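Asks: model this:
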Amino acid sequence: MPALARRRFDHLATELSVALGVLVPRHALWQACADKLASADDTAAFCDEPLDAFLELEQLAPPSPAERARLRREVSRFDPSRRTPDEILSALFGDVANG
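Replies: I've put the predicted structure just below:
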């Protein structure tokens, strides 16, 4: 899988976990969406019916309409070619949380 799609997946998994308030099973999510992360638009589109099918299969409650809107907005805005603030700080100061 291309690096940008991997970064989109990591971001989607994080944002979806926040939206649901539980950790999403990453392997199952990967199987459900790995081929649907070519662009920000594709990733945002996954947040509709494909996401509902995934949540039903995993027996997870869907996000509220407000959380779903926030999720779509966050994944569509994410630019995987730019480093996140966490990655920048980690490069500057190392992994302080684990050290």
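Asks: Kindly list the longest helix within the chain.
Replies: As assigned by DSSP state H, the longest helix anywhere in the chain is helix 3-20.
Asks: That helix: which residues count as buried?
Replies: Ala5, Arg7, Arg8, Phe9, His11, Leu12, Ala13, Thr14, Glu15, Leu16, Ala19, Leu20 (16 or more other Cβ atoms under 10 Å). C-betas here are computed from N, CA, C, even on glycine.
Asks: give me the number of residues near Ser81?
Replies: Neighbours of Ser81 under the rule other Cβ atoms under 10 Å: 7.
Asks: Not counting sequence-adjacent ones, nearest residue to it?
Replies: Distances taken as Cβ to Cβ, 6 or more residues apart in numbering place Leu4 nearest to Ser81, at 6.4 Å, with adjacent residues excluded.
Asks: With adjacent residues omitted, what lies nearest to the residue nearest the centre of the chain?
Replies: When Cα atoms, centre = their mean is applied to the chain, the residue found nearest the centroid is Leu12 (0.6 Å). Among residues not flanking Leu12 along the chain, Val75 sits closest, at 5.5 Å (Cβ to Cβ, 6+ apart).
Asks: for Ser76, same thing?
Replies: Ser76 sits nearest to Ala44 (Cβ to Cβ, 6+ apart), 4.1 Å away.
Asks: follow-up on the earlier one: would you mind measuring from the residue nearest to Leu12 to Glu67?
Replies: Val75 sits 12 Å away from Glu67, going by Cβ to Cβ, to the nearest Å.
Asks: now swap in Asp10 and tell me
Replies: Distance from Asp10 to Glu67, counting by Cβ to Cβ: 19 Å.
Asks: now the angle from the lowest-mean-pLDDT helix or strand in the chain to helix 3-20?
Replies: Ranking every helix and strand in the chain by mean pLDDT, DSSP states H and E puts helix 85-93 at the bottom, with a mean of 84. Per axes from the mean of the first three to the mean of the last three Cα atoms, to 10 degrees, the angle that helix 85-93 makes with helix 3-20 is 120 degrees.
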